[in-house]
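1. Return atomic coordinates for the entry below.
(2 chains)
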Amino acid sequence: MTPALQKPLNLGADVVLHSATKFLSGHSDVVAGLAVVKDPELAARLGSLQNSFGAVLGVQDAWLVMRGLKTLSVRMEHSQKGAEKIAAYLKEQPLVKNVYYPGLADHPQHAIQKGQSLGAGAVLSFELESEEIFRSFVNTVKLPVFAVSLGAVESILSYPAKMSHAAMPADERVKRGITNSLLRLSVGLENPDDIIKDFDAALVNIAKGKQLLQNE
Amino acid sequence: MYKTETYLAQLGNRSETATGTVNPPVYFSTAFRHEGIGQSTGFDYTRTGNPTRQLLERSIADLEKGDQGYACSSGMAAISTILALFKSGDAWIVSEDLYGGTYRLLEQGFKKWGLQCDYVNTCCLEDIEKAITPHTKAIFIETPTNPLMQQTDISAVAALAKRYGLLLIVDNTFYTPLIQQPILLGADIVIHSATKYLGGHNDVLAGLIVASGAELCDALAFHHNGTGAVLSPFDSWLLMRGMKTLALRMERHEKNAKILVDYLSEHDCVTDVLYPGRGGMISFRIIEEAAVNPFLQSLSLISFAESLGGVESFITYPATQTHADIPLEVRTANGVCNRLLRFSVGIEDSDDLIGDLQQAFAHVKREALR
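-> Model (predicted):
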C-alpha cells in the first residue's frame, strides 16, 4: 500500500515494514527493505541491532530508493486507477472465477479498506476457471512481464503457486485459496486499456477454442 | 587455474558474450522474465541470484579454493548468515582476541537465542580442545587476530575440528587469499569483511562467505536467500573493481608495513610492536595513555578513523572504536589496553608515512610527555 495510501503507525501499529524493492522504489532495479517505528526506545533497540547484524542497505541503493520515492505518489495514483479498471473488467469475464481486489465493492473487507486507507492499491489477484485455461492465458498474454516481484513501472503477472508461495506445502497453499489457477497482477504505468486489450484477446481466444471443442 | 594475480586482473572479463564487454555489466534488474510456466533463465529474483553478484561469488570461491561463494551486505551480515545454520543450545568456540563487532553480534545478538560462545586463546590448541563440549558445533577463529596479531595454526585446528566433527570458520579479512587460503588448510568456511582489503578503497561495505562441501553450501545458500542480507549488484561490481588491484596493493601494504615495523620498534615513544610477519596490519603500544589523543590529533597524513585495508593509511584506537563493545576488564585482560593503537598501513610512500609519525611523536614529546 505504501504510506501514500495507508499509515499503520497512526492506526496503532508498532513497527511498519516494507519490501522497498516494490512500490517505494518502483523500477525493478533495487532490492531493499525498510522498517519504521515511532517509539524512541524501540527505535534505539532496532538501531543497535541494525548495526550489529549488519544487514544494512548500500549507499547507492539508498539513493536509488529515494530516487524512486520522488515519483511514488504519481505512480501509485496511476497504477491504482488501472487496477480498479482491470479488476472491474475481469469481474465481468465468464472465464474468470474470482477476482480478489479490496477496491471492489463486494470484497469482504472492502469497508475496512475504505476506513483505513486512501485507496485499494495496485495489486489484484484473479482465479481462472481451470488450470488448463490458466495455462493458455499465461502463454497468450503479451504485455505484462511474467515474473516474480511486484510494484514496478512494468505490469508484472506472477504465478503464486510456483513463485512467491512455492515454499509453502501444496495443501497449506490451497487451504489459503492460492490455487494452481490463481494469478497475481501488479499493475504498472502502462495505459490500463492496453492491458485489458491484451487480456481480452487472450480470453476471447480461449473462449473460441472452448466453443470449437463443444461444437465438435 | 591461472595464478592469483592473473585471475584478479582478468576478473569479470569474458563473463558476457552478447556484446563482449571486458568490464562486466551491472545487472540491476530485481526480477527476471519467465518465458512460460516452469521456464527460467536460471535467474528469477535478484535476492536468490543475480548475474553480477554471482560473478563475484564465483570469483571469491575460486580465489579461496572453496566450492561456493555468498556475497553479503556487510561482514556482520556474512556472520549472521552463517549463524542461521545453528540452533538454540549449540555452542561455538571463538578466538578471545576478536573484532569487537563480532563479539557484539554473538553476545548481544545470538546469545539470547541460545547460542553459547566460549572464548579461548585459539593460538593454544590444548585450550581449544579443553573447551569442547557435546554442545560445541563450530570453531570460529581470526588469524591473525584483530588487533593483537596472534596467529593460530589453521591446519592443526582443522584436524582437531575434524576429529570432533566441528565446523571450522576462519575470518580471513586481514590476510586475504593472496597470503592465506584457509580452505586448503582444512577450514570449512572462510569469511571476509570485503570492505577492507578486497574492496580496498574505503568506498563499499560488503561481506563474503566461501564454503566447501555440497551439503554445507546448500544450507548456506538457503539461509543467504532466506535471510536476504545480500550484496547489491552495484556494490558487487565495485568490490570486483577493487579486487583487480588487490595483488599490487597487498604487495605495497606489506612492503610499507615492514618498513614501519622497523621504524616503530626503534622509537622510544613505542613500547611494543605487534606484527605477524605478513600483510599490512600493525598494532603498537604507545608509551603512555596520555599520549594517545595528542598523537592522534597531530597526525596530518594518516587518518584517525575506524576501518582498515584501504589505500589510505588509518590508525584506529580499539579501546573506543572497534573494541568499544567489549567490557573493559575482558578487553584489558586480552591485551587490548588503552595504550594500544592499530595501524592499517596504506600504499602511500613509506617515507611520507614515517615523516608523519615522526612529527606526531615529536609533538607528543613536546606537549604530553614533558
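
2. Show the average pLDDT along stretch A:27-44.
-> Stretch A:27-44 shows a mean pLDDT of 96.

3. so, in contact with chain B or not, that stretch?
-> Yes - counting by Cβ under 8 Å from any Cβ of the partner chain, chain B is contacted by stretch A:27-44 at A:28, A:29, A:30, A:31, A:33. From N, CA and C alone the C-beta is placed, and that goes for glycine too.

4. Buried subset of the residues you listed as a PyMOL selection?
-> Command for PyMOL, covering only those of the residues of stretch A:27-44 next to chain B found buried under the criterion 16 or more other Cβ atoms under 10 Å in any protein chain shown:
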select buried, chain A and resi 28+29+30+31
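
5. List just the nearest of the residues of stretch A:27-44 next to chain B to chain B.
-> Distances from chain B to the residues of stretch A:27-44 next to chain B, taken as Cβ to the nearest Cβ, are shortest for residue A:29 (4.0 Å).

6. And for the nearest residue to that closest one once chain neighbours are set aside, the neighbour number?
-> With Cβ to Cβ, 6 or more residues apart in numbering or on different chains as the criterion, residue A:29 has its nearest non-adjacent residue at 4.0 Å, and that residue is residue B:28. Residue B:28: 18 surrounding residues under other Cβ atoms under 10 Å in any protein chain shown.

7. Now do the same for residue B:28: its pLDDT.
-> So residue B:28 comes in at 95 (pLDDT).

8. in the chain, which residue is closest to the centre?
-> You didn't say which chain, so I picked chain A. residue A:123 (3.2 Å; Cα atoms, centre = their mean).

9. should've been chain B
-> Note: chain B centre (Cα atoms, centre = their mean) maps to residue B:173, 2.4 Å.

10. In three-state terms, how would that one be classified?
-> The three-state label given to residue B:173 by DSSP: H, G, I helix; E, B strand; the rest coil is coil.

11. Pop the domain breakdown of chain B in here.
-> B:4-243, B:246-367 (automatic domain parsing).

12. can you tell me the distance between the two ends of the shortest one?
-> It refers to domain B:246-367. 40 Å (Cα to Cα, to the nearest Å).

13. where along the stretch 151-300 of chain B do the helices fall?
-> Secondary structure of the stretch 151-300 of chain B, counting by DSSP state H, counting those that start in this stretch: helices at B:154-164, B:176-179, B:214-227, B:233-243, B:246-266, B:292-298.

14. Let me know which of those helices is the nearest to chain A.
-> helix B:233-243 (4.6 Å).

15. and the closest one, what other elements does it pack with?
-> Taking 3 or more Cβ pairs under 8 Å, 6 or more residues apart in numbering or on different chains; DSSP states H and E as contact, the helices and strands that helix B:233-243 lies on are helix A:59-69, helix B:51-63.

16. Need the nearest residue in space to the residue of chain A found nearest chain B, chain neighbours excluded.
-> Going by Cβ to the nearest Cβ, chain B is nearest to residue A:54 of chain A, at 2.6 Å. Excluding the flanking residues, the one nearest residue A:54 by Cβ to Cβ, 6+ apart is residue B:76, at 2.6 Å.

17. could you say which helix or strand contains the one you found?
-> helix B:75-83 (DSSP states H and E).

18. buried stuff in stretch B:362-370?
-> So for stretch B:362-370, counting by 16+ other Cβ under 10 Å, buried means B:363, B:364, B:368.

19. Please list all residues in contact with residue B:128.
-> Neighbouring residues of residue B:128 by Cβ atoms under 8 Å, 6 or more residues apart in numbering or on different chains: B:93, B:120, B:122, B:139, B:157, B:160.

20. same thing but at 10 Å, please
-> Contacts for residue B:128 were tallied using Cβ atoms under 10 Å, 6 or more residues apart in numbering or on different chains; they are B:93, B:95, B:118, B:120-122, B:136, B:139, B:141, B:152, B:156-157, B:160-161, B:164, B:166.

21. Repeat that for residue A:116.
-> By Cβ under 10 Å, 6+ apart, the neighbours of residue A:116 are A:1, A:5, A:6, A:7, A:8, A:10, A:11, A:109.

22. Let's see the pLDDT reported for the nearest residue to residue B:310 once chain neighbours are set aside.
-> Nearest residue to residue B:310 in three dimensions, chain neighbours excluded: residue B:202, at 4.0 Å (Cβ to Cβ, 6+ apart). You'll see residue B:202 listed with a pLDDT of 95.

23. same deal with residue B:10?
-> Model confidence at residue B:10 (pLDDT) stands at 92.

24. Tell me the secondary structure at the nearest residue to it once chain neighbours are set aside.
-> Distances taken as Cβ to Cβ, 6+ apart place residue B:2 nearest to residue B:10, at 7.4 Å, with adjacent residues excluded. Under the three-state scheme (three-state DSSP), residue B:2 adopts coil.

25. Same question for the one 4 residues further on.
-> Here residue B:6 is recorded as helix under three-state DSSP.

26. Now for chain A: which helix has the highest residue count?
-> helix A:192-215 (DSSP state H).

27. list the helices and strands it packs on?
-> Packing partners of helix A:192-215 (3 or more Cβ pairs under 10 Å, 6 or more residues apart in numbering or on different chains; DSSP states H and E): helix A:72-91, strand A:123-128, helix A:131-140.

28. Tell me which of the ones you listed is the most buried.
-> Per-stretch averages of neighbours, counted by mean count of other Cβ atoms under 10 Å in any protein chain shown, single out strand A:123-128 among the helices and strands packed on helix A:192-215, with a mean of 22.

29. tell me what that one is packed against?
-> So strand A:123-128, by 3+ Cβ pairs under 10 Å, 6+ apart, packs with helix A:72-91, strand A:96-100, helix A:131-140, strand A:156-158, strand A:182-186, helix A:192-215.

30. Now mean pLDDT too, for these, in TSV please.
-> Listed next are the helices and strands packed on strand A:123-128 as TSV, based on pLDDT from 0 to 100:
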stretch	mean pLDDT
helix A:72-91	96
strand A:96-100	97
helix A:131-140	94
strand A:156-158	95
strand A:182-186	97
helix A:192-215	92
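
31. which secondary element of chain B has the worst mean pLDDT?
-> helix B:328-334 (a mean of 88; mean pLDDT, DSSP states H and E).

32. Distance from the helix or strand following it to the middle of the chain?
-> Using DSSP H and E, the helix or strand that follows helix B:328-334 in sequence is strand B:340-344. Offset of strand B:340-344 from its chain centre (Cα atoms, centre = their mean, to the nearest Å): 16 Å.

33. Who does strand B:340-344 pair with, and is each partner parallel or antiparallel?
-> strand B:281-286 (antiparallel), strand B:314-316 (antiparallel) (DSSP bridges).

34. neighbours around whichever residue of the stretch 51-200 of chain B sits closest to chain A, how many?
-> Across the stretch 51-200 of chain B, no residue is closer to chain A than residue B:76, which sits at 2.6 Å (Cβ to the nearest Cβ). For residue B:76, the neighbour count with other Cβ under 10 Å is 26.

35. one step back: against residue A:144, how distant is the residue nearest to the centre of chain A?
-> 12 Å (Cβ to Cβ, to the nearest Å).

36. List, one by one, the residues from the stretch 151-300 of chain B near chain A.
-> Contacts of the stretch 151-300 of chain B with chain A, taken as Cβ under 10 Å from any Cβ of the partner chain, map to B:193, B:203-207, B:226-238.

37. Beta-bridge partners for residue B:169, please?
-> residue B:140, residue B:189.
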